[in-house]
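[1] Provided below are the primary sequence and the corresponding predicted coordinates.
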Amino acid sequence: MSPKRALVLGAGAQGVCAALALAGRGWAVTLVDEAPDALLRASLVNEGKIHLGHVYANDPTFGTPRLMLRAALAFAPLVERFVGHAAPWTRLRSTPFVYLVARDSQVTLGSLFTHYARLDDEYHALRQAGAGRYLDADPATLWEEIALPPGVSPDRCQAAVATPEVAVNTREFRALLLGAVRAAPRVETLFGHRVEEATS
């Protein structure tokens, strides 16, 4: 019996991961992109941040920060499943982000800290329920108020918050995914092809 076939349009991070996920389930996949290789555009030229939900404090439903947090904890296990081996997260991770709270912030400092506390509670509940680690790290908390860093004007910023949130090195991450695609026997790549129309 011949394998089921799938066509994935776009070889950015999502397209590559979709192709690897399908191939891992036995599908024969053709991955198509107009670029000369995979992961050369937005997936390469971006900040690479794996959001934990800090910057979505103005969502009164808490839906966006909850989604970002859950996705961040699922990110490393999913990537490792797609590539078929452990990833060197220590090498891939940036230094953690410190957020500054502007004096004219759209969210009050009290509301912001309430959001961070809720985010922290959600994080600990997810970890107790067996959620994955954050890029192979296990932070004790998602936030801590710290003194304003040197050179930051107290006239412009009212507080600083240290977080474990990081970005991945997009070049290193590209190499990780690219190696997996090239080694995947069920993934055929078709680069330098522009798709003008798709019909079922």
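    Alright, I've got the coordinates. Numbering: from 1, shown residues only.

[2] Name all residues that make contact with residue 86.
    residue 80 (C-beta atoms under 8 Å, 6 or more residues apart in numbering). Bear in mind the C-beta positions are built from the backbone N, C-alpha and C, glycine included.

[3] Am I right that it is in a strand?
    No. Using DSSP: H, G, I helix; E, B strand; the rest coil, the assignment for residue 86 is coil, not a strand.

[4] how much space between it and residue 165?
    According to C-beta to C-beta, to the nearest Å, residue 86 and residue 165 sit 22 Å apart.

[5] cool, and residue 139?
    Taking C-beta to C-beta, one finds residue 139 at 9 Å from residue 165.

[6] Counting neighbours, go ahead and name the busier of those two.
    Counted by other C-beta atoms under 10 Å, residue 139 and residue 165 do not tie: residue 165 has more neighbours, with 24 against 16.

[7] Would you agree the more buried one is in contact with residue 51?
    Yes. Between residue 165 and residue 51 there is a contact under C-beta atoms under 8 Å: 6.9 Å.

[8] ok so residue 101 is a helix residue?
    No. Looking at residue 101 with three-state DSSP, it is strand, so not inside a helix.

[9] Spatially nearest residue to it, not counting backbone neighbours?
    Spatial nearest neighbour of residue 101, excluding adjacent residues (C-beta to C-beta, 6 or more residues apart in numbering): residue 159 at 4.2 Å.

[10] Enumerate every residue touching the one you found.
    100-101, 109, 145, 148.
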